[in-house]
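A.B. asks: quick one, structure for this:
(one chain, ligands or ions: 2)
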Amino acid sequence: MSLSIYESAKEQFGAVGVDTEAALEALDQIPVSMHCWQGDDVAGFEAPEKAGAGNGCVATGNYPGKASNPAELMADLEQAASHIPGPLRLNLHASYATDGSPLPERDELTIDNFRSWVDWAKEQQFGIDFNPTSFSHPKAEDGFTLSHQDAGIRQFWIDHCIACRKIGAAIGEELNSPVVNNIWIPDGYKDTPADRLAPRERLKESLDAIFAADVSKKWNIDAVESKLFGIGVESYTVGSSEFYLAYAATRQIALCLDAGHFHPTESVADKISAALLYVPELLLHVSRGVRWDSDHVITLDDPTTAILQECVTSGQMDRIHVGLDFFDASINRIAAWVIGTRNAKKGLLKGLLQPTEKLREVESTGDYTSRLAMMEDARSLPWGAVWNEYCARKETGADNQWLSSVKAYEKDVLLAR
Ligand SMILES: C[C@H](O)[C@H](O)[C@@H](O)C(=O)CO
Ligand SMILES: [Mn+2]
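C.D. replies: Ligands and ions are numbered 1, 2, ... in the order given. As a prediction, the model looks like this:
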């Protein structure tokens, strides 16, 4: 009797010491946090017509059918999730508050303003992650928030971040799953600053005030995200990589590595082990930088695959949270989620299917010839057959089997909006 495609792949992996069943079991334990903002071009529900522009968050394109209210965004997320195997979380921004009329100002938000999301997450068996929204707001119009010269404006954003930490802890407790709460701010200058230090001093003070608020560490995991530059912030970013690496290390909070926030030739995969020696946890914003833009849908290109592989081969997966961060408005937004999220999971699977133990063994004996040979041979092992087996077990379409359903949803639902 001939073997199934999966059984044959299992044998080939077995021959190099890799147990595909163990890999699939491990993959099934790693949630990927899908970002709500891919569904509506980072518009949010406060004043969507004003959102997104400026502050370094720009979704380009005008593909029809974008979600413009909570019901549409939830339906689109469900459509995307139905084509993605394994555990998911929802990464929510504060500007996506659903409940309350009128909604309170951002510094007064509470979990009650996110009730619909919490109920939805329970239904979908999703965890939630959270983000203060320190952009697309009149108090962020000049591009400065937590490092603003004006103490009143700083205080507003400090209070917003504290409110978000409390929301995170409340959601985490209610869902019995800790919330990763990530602070990213747009602050910076288009042109060369005369004073590079003062804004960073102010940011440091603001962050210390935010993290001084008593919020459960059990249910809320604080993270900070650096950036190299943004549109209109080309010369100086207050929250640079060095700033936040040192901050996260000295405060023992999580560091967020956004793959689109570094010089194009830097390896983000290589930063994982270095940072984890000094910070307790990492949040990844898996993204793909293309020239000036940091937010393309992730493909299985070498740098992205390397990041995801490193997460698992490092043996530190329990200290790494995998989130996504891209926004593409030039293609079907649901397809963007599906392609990017499936790719994130494929990258993790490729890492789990590496003959890591054997590679380490030969490396430790100095046999770099065998290391290179084995690594290169591993590239052509049939990991796609293992992926398709996972999709079948999870009753989500294998590759080439989901797009027609997304196209049908586009025709029936998106184009009718
Ligand atoms: C919307 C997100 O908070 C944002 O993308 C941030 O994470 C970022 O990466 C900004 O460039
Ligand atoms: Mn990001």
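
A.B. asks: enumerate the residues of this protein near ligand 1.
C.D. replies: 37, 42, 56-57, 93, 131, 184, 225, 227, 258, 285, 294, 325 (CB under 6 Å from any ligand atom). Bear in mind the C-beta positions are built from the backbone N, C-alpha and C, glycine included.

A.B. asks: got a markdown table for those, with secondary structure too?
C.D. replies: Shown next, in a markdown table, are these (DSSP: H, G, I helix; E, B strand; the rest coil):
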| residue | secondary structure |
| --- | --- |
| Trp37 | helix |
| Val42 | coil |
| Gly56 | coil |
| Cys57 | coil |
| His93 | strand |
| Asn131 | strand |
| Trp184 | coil |
| Glu225 | strand |
| Lys227 | coil |
| Asp258 | strand |
| His285 | strand |
| Ser294 | strand |
| Asp325 | coil |
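
A.B. asks: now rank those residues by neighbours and give me the top one.
C.D. replies: Highest neighbour count within the residues of the chain next to ligand 1, by other CB atoms under 10 Å: Asp325, with 29 neighbours.

A.B. asks: mind listing what the nearest residue to that residue once chain neighbours are set aside touches?
C.D. replies: Nearest non-adjacent residue to Asp325, counting by CB to CB, 6 or more residues apart in numbering: His285, 3.7 Å away. For His285, the contacting residues are Glu225, Cys256, Leu257, Asp258, Ala259, Gly260, His261, Gly323, Leu324, Asp325, by CB atoms under 8 Å, 6 or more residues apart in numbering.

A.B. asks: mind redoing it with 7 Å?
C.D. replies: By CB atoms under 7 Å, 6 or more residues apart in numbering, His285 lies in contact with Glu225, Cys256, Asp258, Ala259, Gly323, Asp325.

A.B. asks: so how far is Leu282 from the first one?
C.D. replies: When distances are taken as CB to CB, to the nearest Å, Glu225 and Leu282 turn out to be 11 Å apart.

A.B. asks: one more: the third one?
C.D. replies: In this structure, Asp258 lies at 11 Å from Leu282, with CB to CB as the measure.

A.B. asks: would you mind listing the buried residues in the helix or strand bottoming out on mean pLDDT in the chain?
C.D. replies: In the chain, no helix or strand scores lower on mean pLDDT, DSSP states H and E than strand 293-296, which sits at a mean of 86. The neighbour-count check on strand 293-296 (16 or more other CB atoms under 10 Å) flags Asp293, Ser294, Asp295, His296 as buried.

A.B. asks: go on, stretch 174-192?
C.D. replies: For stretch 174-192, the neighbour count (16+ other CB under 10 Å) marks 174-175, 177-189 as buried.

A.B. asks: for it, measure first residue to last.
C.D. replies: Terminal residues of stretch 174-192 are spaced 46 Å apart (CA to CA, to the nearest Å).

A.B. asks: circling back to that earlier point, any buried residues in the helix or strand following the least confident helix or strand of the chain, and which?
C.D. replies: Downstream of strand 293-296, the next assigned helix or strand under DSSP states H and E is helix 302-313. Buried residues in helix 302-313, defined by neighbour count with 16+ other CB under 10 Å: Pro303, Thr304, Thr305, Ala306, Ile307, Leu308, Gln309, Glu310, Cys311, Val312, Thr313.

A.B. asks: cross-check the residues you listed against ligand 2 and keep the overlap.
C.D. replies: With CB under 5 Å from the ion as the criterion, the buried residues of helix 302-313 include none near ligand 2.

A.B. asks: hmm, back to that, pLDDT check: weakest of the residues of the chain next to ligand 1?
C.D. replies: Within those, Gly56 has the lowest pLDDT, namely 60.

A.B. asks: show me what contacts the closest residue to ligand 1 within the chain?
C.D. replies: Closest to ligand 1 within the chain is Trp184: 4.1 Å, counting by CB to the nearest ligand atom. Going by CB under 7 Å, 6+ apart, Trp184 touches Asn131, Glu225.

A.B. asks: now swap in Ala249 and tell me
C.D. replies: Neighbours of Ala249 in contact, by CB under 7 Å, 6+ apart: Tyr278, Val279.

A.B. asks: what's the spacing between it and Val42?
C.D. replies: From Ala249 to Val42 the distance is 29 Å (CB to CB).

A.B. asks: how about the helices in the chain?
C.D. replies: For the chain, the helices defined by DSSP state H cover 5-15, 20-27, 70-81, 115-124, 151-175, 197-212, 241-251, 268-276, 302-313, 333-352, 356-364, 368-379, 383-393, 403-412.

A.B. asks: give me the contact list for the last one.
C.D. replies: So that's helix 403-412. Here helix 403-412 has contacts from Gly65, Gln79, His83, Asn332, Ile334, Ala335, Val338, using CB under 7 Å, 6+ apart.

A.B. asks: and that helix, which residues are buried?
C.D. replies: Across helix 403-412, burial judged by 16+ other CB under 10 Å covers Val406, Tyr409, Glu410.

A.B. asks: before we move on, the earlier item: just the helices of the chain: most buried one?
C.D. replies: helix 333-352 (a mean of 25; mean count of other CB atoms under 10 Å).

A.B. asks: other SSEs contacting that one?
C.D. replies: The helices and strands touching helix 333-352, judged by 3 or more CB pairs under 7 Å, 6 or more residues apart in numbering; DSSP states H and E, are helix 20-27, strand 32-35, helix 70-81, helix 302-313, strand 320-324, helix 383-393, helix 403-412.

A.B. asks: try 6 Å this time
C.D. replies: Packing partners of helix 333-352 (3 or more CB pairs under 6 Å, 6 or more residues apart in numbering; DSSP states H and E): helix 20-27, strand 32-35, helix 70-81, helix 302-313, helix 383-393.

A.B. asks: now do that helix: distance to the chain's middle.
C.D. replies: Computed by CA atoms, centre = their mean, to the nearest Å, the chain-centroid distance of helix 333-352 equals 12 Å.

A.B. asks: quick check: mean pLDDT of that helix?
C.D. replies: 98.

A.B. asks: what residues does it touch?
C.D. replies: 23, 26-27, 30, 32, 34, 38-39, 76, 79-80, 83-84, 286, 297-298, 300, 305, 308-309, 312-313, 324, 326, 328, 383, 387, 406 (CB atoms under 6 Å, 6 or more residues apart in numbering).

A.B. asks: can you give me the angle it makes with helix 70-81?
C.D. replies: Here the directions of helix 333-352 and helix 70-81 differ by 40 degrees (axes from the mean of the first three to the mean of the last three CA atoms, to 10 degrees).
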